[in-house]
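# output the structure for:
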Amino acid sequence: MNASLTPRPDSATTSVSAHDLSIHFATKAGTVKAVDGVSFAIQPGETFGIIGESGSGKTTLGRALAGLLKPSAGDIRYGEHNLRTLSRAERKRLRRDHQIIFQDPHAALNPRMTILQSVIEPLDIIGEGDRQSRRQTAADALERVGLPAEIGKRYPHELSGGQKQRVNIARTLTLRPKFIVCDEVVAALDVSIRGSILNLFADLQKEFGITYAFITHDISVVSHVSDRIGVLYLGRLMEQGPADAISDRPLHPYTQALLSAEPLPLPSDLRDSRRRIRLEGEIPSPLNPPSGCPFRTRCPKAEARCAEQVPEWRELRPEHWVACHFAESNL
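Numbering: from 1, shown residues only. Model (predicted):
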């Protein structure tokens, strides 16, 4: 490990948790309930996967976890710190510990800055070290993510998508954060280079003890990288549990539908034998979510009870939680 990237004296890993978290946006048409009463805890050094369709609230939740959006209700905690009650000075002091890497690697970089300038910028903002030490830390970070030193002289348009995403990882790494939100970080990349980026995240986690919230719509990716998975639909958690349990024996109809839509590298006769669960219609508007279970309007198992009662959040297996009236039938 390069000396400039060694863990800070106060860099012990920390848990991240949400408690009855809601994020609402007021519009002329009404209130958009982007995230609505979500609770979970991410353990130190763990990767917590967050999956769901477009419009389920994943990115909004991720931005809130990174401190970019203020909750409408509920709390976000970084260890013993409650984000809601922190003063501005305290929040600024903790800001470097909780970072986010965005989906579009090109849009995240300033086209007028060289790569080295972009990687140095976070250190300039927090005022750490002198000019020479910042340059060295940035160079070490680029080397650690597998980029040659000469790439620091280039501009973003001269790099490939995979290289730009490595630059964004290096820029985050200079701050030596405890927690990183990865928002669809491989969605814009070619399939051929996704594996190397995912392996890099795993290596950095082992080396620095980083805690991840890994947001994606790709259930095969989230199953590969996560310790536990939360399944989000219309701003609410439908299911949460160990990654292997969610992938192998999901309890909620929505999770089952997501898994059935995942392509498998199998001969055609085996692919055809797997039953595809097709969801009719689009995800409802968060301006006017359905009563009872939010998934009921598209659920193949829905009954009258689903419109009348919100499903209870229940633990049906060890550490495996689900919000469905009929989840026992899948045990």
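
# now do the helix ranked longest in the chain: everything it contacts.
What stands out as the longest helix in the chain, according to DSSP state H, is helix 191-208. With contacts defined as C-beta atoms under 8 Å, 6 or more residues apart in numbering, helix 191-208 is touched by 1, 7, 11, 45, 47, 144-146, 161-162, 165-166, 169, 173, 176, 182, 185-186, 189, 210, 212, 214, 221, 224-225. (C-beta placed from N, C-alpha, C; glycine too.)

# go on, stretch 240-259?
Contacts for stretch 240-259 (C-beta under 8 Å, 6+ apart): 40, 49, 51, 53, 219, 222-223, 226-231, 233, 238-239, 277-279, 295, 299-301, 316-317, 319-324, 327, 330-331.

# hmm, back to that, relative to the whole chain's centre, how far out is the longest helix of the chain?
Its chain's C-alpha centre and that of helix 191-208 lie 15 Å apart, by C-alpha atoms, centre = their mean, to the nearest Å.

# please apply the same query to stretch 168-177.
16 Å.

# what is the least confident helix or strand in this structure?
Scoring the helices and strands of the chain by mean pLDDT, DSSP states H and E places helix 268-273 at the bottom, with a mean of 50.

# mind listing the strands for the protein?
16-27, 30-42, 47-51, 73-78, 81-82, 98-101, 179-183, 211-216, 228-233, 236-242, 313-317, 320-323 (DSSP state E).

# how far does stretch 153-160 stretch from start to finish?
Using C-alpha to C-alpha, to the nearest Å, the end-to-end distance of stretch 153-160 comes out at 15 Å.

# residues contacting residue 98?
Contacts of residue 98 (C-beta under 8 Å, 6+ apart): 16, 65, 66, 67, 78, 177, 178, 179, 180, 181.

# again but with residue 174, I slipped
With C-beta under 8 Å, 6+ apart, residue 174 has these contacts: 5, 119, 120, 122, 123, 137, 138, 141.

# over to residue 40?
Residue 40 touches 17, 18, 48, 230, 237, 240, counting by C-beta under 8 Å, 6+ apart.

# distance of it from residue 51?
Using C-beta to C-beta, to the nearest Å, residue 40 is found at 13 Å from residue 51.

# for residue 63, same thing?
In terms of C-beta to C-beta, residue 63 sits 17 Å off from residue 51.

# more crowded one of these two?
residue 51 (25 against 19; other C-beta atoms under 10 Å).

# which strand residues bridge the more buried one?
With DSSP bridges as the criterion, residue 51 is bridged to residue 216, residue 231.

# how about it, what does it touch?
Contacts of residue 51 by C-beta under 8 Å, 6+ apart are 58, 215, 216, 217, 218, 219, 222, 229, 230, 231, 232, 258.

# report how many residues lie close to the last one.
Using other C-beta under 10 Å as the criterion, residue 258 is surrounded by 23 other residues.

# also the first one?
Each residue near residue 58 was counted by other C-beta under 10 Å, and the total is 24.
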